[in-house]
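# Sequence below, structure please.
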Amino acid sequence: MKITDPNELREFQVFLDEYNDCFYQRDLKRLKNLYASDGDIIFFDNHEDCDSQDLDDHLLKVLKFFESGKIEEILLEDRVIYRHGDGACIIMRCRYPSKPKPCVRTTLYLEKHDNFWKIRHIHYSFDPNEQ
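Below is the predicted model of the structure:
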């Protein structure tokens, strides 16, 4: 069911803010806590050679990025959230201020674990319809 209640939407915005802040602060420990603790995640990135089939591999790639990558504030657009029980799907467009086009089409699948939303899957891809 599509979420329209402002309080529920705020809950997911807080989650997204926390996720993004982990990158802004280059905080791998906080970031790890946002993923499903069994480590069984799939991450499809919009950058070459950054996909991962488990959490350990993903965090190693993020750590490497934290050591040398440029991190800029990301702009979130057109957010739609669906929730069914203990599962939720966030769909949105993200933009880098330094390169606003094409946008990055974004899908996060979350699961509720011990009253906290945790990431099970993320898919980022540049929008081929924008140039």
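# Strands of this protein, start to end?
Under the criterion DSSP state E, strands of the chain are mapped to 42-44, 75-84, 87-96, 99-113, 116-126.
# so what's Cys103 closest to, chain neighbours aside?
Arg93 (4.3 Å; Cβ to Cβ, 6 or more residues apart in numbering). The way it works is simple: take the backbone N, C-alpha and C, and place the C-beta from them, glycine included.
# For Ile122, give me its contacts.
Each residue near Ile122 by Cβ atoms under 8 Å, 6 or more residues apart in numbering is listed here: Ile41, Phe43, Phe44, Thr106, Thr107, Leu108, Tyr109.
# For the third one, which non-adjacent residue is closest in space?
When you say that, I think you mean Phe44. Per Cβ to Cβ, 6+ apart, closest to Phe44 is His123, 4.4 Å.
# and what of the last one?
If you skip the residues right next to it in sequence, Tyr109 has His121 as its closest partner in space, 4.2 Å away by Cβ to Cβ, 6+ apart.
# for that neighbour, which residues make a bridge with it?
On the basis of DSSP bridges, His121 is bridged to Ile42, Tyr109.
# In contact with it: list those residues for me.
Contacts here follow Cβ under 8 Å, 6+ apart; on that basis His121 touches Ile41, Ile42, Phe43, Thr107, Leu108, Tyr109.
# How about the fourth one, nearest residue that isn't a chain neighbour?
By that I understand Thr107. His123 (4.5 Å).
# now swap in the third one and tell me
In this structure, Phe43 finds its nearest non-sequential neighbour in Ser52, 4.3 Å apart by Cβ to Cβ, 6+ apart.
# got it, and the fifth one?
Using Cβ to Cβ, 6+ apart and skipping residues adjacent in sequence, the residue nearest Leu108 is Ile90, 4.4 Å away.
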